[in-house]
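Trainee: what follows is a predicted structure for the sequence shown.
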Amino acid sequence: MEVPKIRIVQKFVKGERGQSAAIVGVVLFALLALSAAGVETGHVYYAYRLLQASTNAAALAAGQAMPTIGSSSGACTASGQSLNTAWCNLYLYSSATQDGVTGLNTTNMLSNASISASFYCSGDASGPPINITCAAATGCPSSGCNAVTATQTAKVNLWFGGLVGVKSMNLQAMASASMKGGAHPPYNIAVIIDTTGSMNDPASTSDGCTSSLLGLLAPSQIQCAVYGLEQMLLEMYPCVGSGSCTTSGQYADAVSLFVFPALSLSNSDSSTDFKNDYCSSGDSSVPYNFIDVTAGGSQNLAMQSTKGQTDAGTYQLIPFDTAYKASDAATTLATSDYLSKAVGYSGSSCSGLSAPGGQGTYYAQVIYAAQAALVAQQSASTKLGYATQNVMILLSDGDSYASNSLANTSLGGNNGSGNQIVALSGTLNGTCTSRTSCTNSGASVYAYPSAIGQCWQAVQAAETASSAGTKVFTVAMGSETAAPSAGSSASCQTDKGSETTLSASGAESYPSSAYAGSAGSACNAIGAMATSESTFYSDASSGCTSSQNSEYTTIGGIFKAVGNSLTYSRLLPTNQ
């Protein structure tokens, strides 16, 4: 009776029903496992790319701050330590929360992120085509450093790894970057410093120019301004290939200094001393005036600048100079150079630029003059076979209000070359007999040159420079934020409200109220002169603030930031 049982077993073994279900189950399990593995691989790779990108950013940011390395402990909080240090930038642009700094590239895809760095002298960075000399600085090896390698580690939590007992995976990314500087596009830099009488006022303590820092009892605004320019020059790279700087041939950063009002051309000036008579005590300015070369005036009327003629003056005190440092690697200025003397550099036998004042503030003409000089310099370099970029930096403490009472109305007459000379508002558009008493008799009287709409004309002049390719930086030093009002001398009083709105082709429109300060204020005007929001800075001592550069409020810090923005670090092969 066992036969039936055997037959049942044989039938079950030989039967083919249900085999496909088993195969499908196995295949589905394999497909799910492979899909999970593929998704997990993509997840891990994406997390790794995020880690690598933030490591690249951290290395570049650290390189941008070098050779100011700082300390790895308390990198962004140590007393007296600048935020713009290599260690602080490293933490700030990482994916880590470290030393009290939350990295800007933190993400919930990465956990336990940590970053470290080493600073060293890179052969790739010091050789062509980058040519960045290794600098001696605290935190560097004895050979100096011009590069940084960042190493960042993190964990990525796995989505499916827990099924096989692996809940996370450790990741590591490395990136190397050069110090800023070296082979950047050659710059022609025109620096315009306000030397009106108000610049002799004491500098605000918020400007960072203390008596202990400058060795002066009560530093003035002009002394603080030239100190800021000195800090920028120390950051610049005048030479090509980090070699010795010369006064001719190809250059990296050529700097020219302009002032307003124009400095008088005395008979002692010569073509070889770079008009360096501001080092003496006999500084004097000349009235704003124009050589009316075309009937009715033109957009670029020049001022009387023929030596020996009445009220001849110059806005450009020092032509484009590349000898202010002996080499790119030099940490001091060349004391015999005229630009070094202009900033009162120690040992230069000059106390620096002064503020003779006497004529009130009128921006437009000096901006046109600086732009014309930049274009001429750029054209000359092009003929020598290399391309340059133009940069303009303007610092002022506020309003534009040169009046007819401040201009020499006796200028009418011939300048000896057959051209008519007129004073500001003399026979041109509009009349202002005082800062608050202006006659606006027509719809277009504010057109350059005029005593009416002086802030508006300055914005137009700067926007003209920007549209021609010049990068315009502006620095507001205690600029007024109040809008013009009848009988008030608070801000841009010569702008009477009939001026057309200038579009926001640069930082903002004018008149506008995008920045701290009212529409039509001096703060608004100086902000509108900048090419973009990122090129407008303010010391904020009067409430005038920059939306994108609010962290820079001292004059020295602002000028350093401007100089740093013109150079950049580069990624390198890791540890090369």
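Mentor: Structure's in. What do you need? Fair warning: this is a prediction, and the values are worked out from it, not measured in the lab.
Trainee: hang on, residue 501 packs against residue 511?
Mentor: Yes. Checked against Cβ atoms under 8 Å, the pair residue 501 and residue 511 is within contact range at 6.8 Å. C-beta: built from backbone N, CA, C; applies to glycine.
Trainee: out of those two, which sits in the busier spot?
Mentor: Neighbour count, other Cβ atoms under 10 Å: between residue 501 and residue 511, residue 511 has more, with 23 against 11.
Trainee: who touches the more buried one in this structure?
Mentor: Applying Cβ atoms under 8 Å, 6 or more residues apart in numbering, one finds that residue 511 lies in contact with 495, 499, 501, 519-520, 524.
Trainee: can you tell me which of those has the most neighbours?
Mentor: residue 524 leads the contacts of residue 511 on contacts (other Cβ under 10 Å) with 32 neighbours.
Trainee: buried residues in the helix or strand encompassing it?
Mentor: Applying DSSP states H and E as the criterion places residue 524 in helix 522-529. Neighbour counts over helix 522-529 (16 or more other Cβ atoms under 10 Å) mark 522-529 as buried.
Trainee: which neighbouring elements make contact with the helix or strand hosting residue 42?
Mentor: Per DSSP H and E, residue 42 falls inside helix 19-65. Helices and strands touching helix 19-65, by 3 or more Cβ pairs under 8 Å, 6 or more residues apart in numbering; DSSP states H and E, are helix 86-92, strand 111-120, strand 147-157, strand 168-178, strand 571-572.
Trainee: among the ones you listed, which comes closest to residue 395?
Mentor: In terms of Cβ to Cβ, the element of those nearest to residue 395 is helix 86-92, at 26.1 Å.
Trainee: so residue 510 sits against residue 523, correct?
Mentor: No. In this structure, residue 510 is not within contact of residue 523 by Cβ under 8 Å, at 10.8 Å.
Trainee: before we move on, the earlier item: what's the average pLDDT for the helix holding residue 42?
Mentor: In this model, helix 19-65 carries a mean pLDDT of 82.
Trainee: ok, now stretch 324-335?
Mentor: 82.
Trainee: and stretch 135-152, by the same measure?
Mentor: On average, stretch 135-152 scores 86.
Trainee: hey, C-alpha coordinates of that stretch in PDB?
Mentor: Listed next in PDB are the C-alpha coordinates belonging to stretch 135-152 (Å, rounded to 0.1, in the frame of the first residue of the first chain):
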ATOM      1  CA  ALA A 135      55.600  84.800   1.200                       C
ATOM      2  CA  ALA A 136      57.000  84.700   4.700                       C
ATOM      3  CA  ALA A 137      54.100  84.800   7.200                       C
ATOM      4  CA  THR A 138      53.200  83.400  10.600                       C
ATOM      5  CA  GLY A 139      51.900  79.900  10.100                       C
ATOM      6  CA  CYS A 140      54.100  79.200   7.100                       C
ATOM      7  CA  PRO A 141      57.100  76.900   7.000                       C
ATOM      8  CA  SER A 142      60.600  78.500   6.900                       C
ATOM      9  CA  SER A 143      60.500  78.500   3.100                       C
ATOM     10  CA  GLY A 144      57.400  80.600   3.100                       C
ATOM     11  CA  CYS A 145      54.000  79.700   1.500                       C
ATOM     12  CA  ASN A 146      52.000  80.600  -1.500                       C
ATOM     13  CA  ALA A 147      49.500  77.700  -1.400                       C
ATOM     14  CA  VAL A 148      47.100  75.800   0.800                       C
ATOM     15  CA  THR A 149      45.800  72.200   0.800                       C
ATOM     16  CA  ALA A 150      42.500  71.600   2.500                       C
ATOM     17  CA  THR A 151      41.400  68.100   3.700                       C
ATOM     18  CA  GLN A 152      37.800  67.600   4.600                       C
END
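Trainee: tell me the buried residues in it?
Mentor: Buried residues in stretch 135-152, counted by 16+ other Cβ under 10 Å: 135, 137, 139-140, 144-152.
Trainee: got it, and stretch 375-386?
Mentor: 375, 377-378, 381.
Trainee: ok now that stretch, how far from the chain's centre?
Mentor: Computed by Cα atoms, centre = their mean, to the nearest Å, the chain-centroid distance of stretch 375-386 equals 23 Å.
Trainee: confirm residue 206 sits in a strand?
Mentor: No. Counting by DSSP: H, G, I helix; E, B strand; the rest coil, residue 206 is not found in a strand; it is helix.
Trainee: tell me if I'm right that it and residue 538 touch.
Mentor: No. At 10.7 Å, residue 206 and residue 538 do not qualify as touching, with contact defined as Cβ under 8 Å.
Trainee: contact partners for residue 52?
Mentor: Under the criterion of Cβ under 8 Å, 6+ apart, the neighbours of residue 52 are 173, 175.
Trainee: ok, it to residue 212 distance?
Mentor: Residue 52 sits 45 Å away from residue 212, going by Cβ to Cβ, to the nearest Å.
Trainee: same question, residue 465
Mentor: Residue 465 is 38 Å from residue 212, where distance means Cβ to Cβ.
Trainee: quick one: which of these two has more around it?
Mentor: Comparing residue 465 with residue 212 by other Cβ under 10 Å, the one with more neighbours is residue 465, at 26 against 6.
Trainee: can you list the buried residues of helix 522-529 in CSV and add distance to residue 21 and pLDDT?
Mentor: Below are these laid out as CSV (distance: Cβ to Cβ, whole Å; pLDDT from 0 to 100):
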residue, distance to residue 21, pLDDT
522, 84, 87
523, 79, 88
524, 78, 87
525, 82, 89
526, 80, 91
527, 75, 89
528, 77, 90
529, 79, 92
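Trainee: ok, so of those residues, who is nearest residue 165?
Mentor: Distances from residue 165 to the buried residues of helix 522-529, taken as Cβ to Cβ, are shortest for residue 527 (60.2 Å).
Trainee: in this structure the closest one contacts residue 536, no?
Mentor: Yes. At 4.9 Å, residue 527 counts as touching residue 536 under the criterion of Cβ under 8 Å.
Trainee: list residues touching both of these two?
Mentor: By Cβ under 8 Å, 6+ apart, the residues touching both residue 527 and residue 536 are 474, 476, 507, 515, 546.
Trainee: if I pick the second one, what's in contact with it?
Mentor: Listed by Cβ under 8 Å, 6+ apart, the contact set of residue 476 reads 396-398, 522-523, 526-527, 536-539, 544, 546.
Trainee: all strands of the stretch 201-350 of the chain, in order?
Mentor: In the stretch 201-350 of the chain, the segments counted as strands under DSSP state E, counting those that start in this stretch are 253-264, 289-292, 313-321.
Trainee: pull the distance from the first one to the chain's centre.
Mentor: Pointing back at strand 253-264 there. 19 Å.
Trainee: now do the last one
Mentor: The offset between the C-alpha centroid of strand 313-321 and the centroid of the whole chain comes to 22 Å, using Cα atoms, centre = their mean.
Trainee: many thanks, we can stop here.
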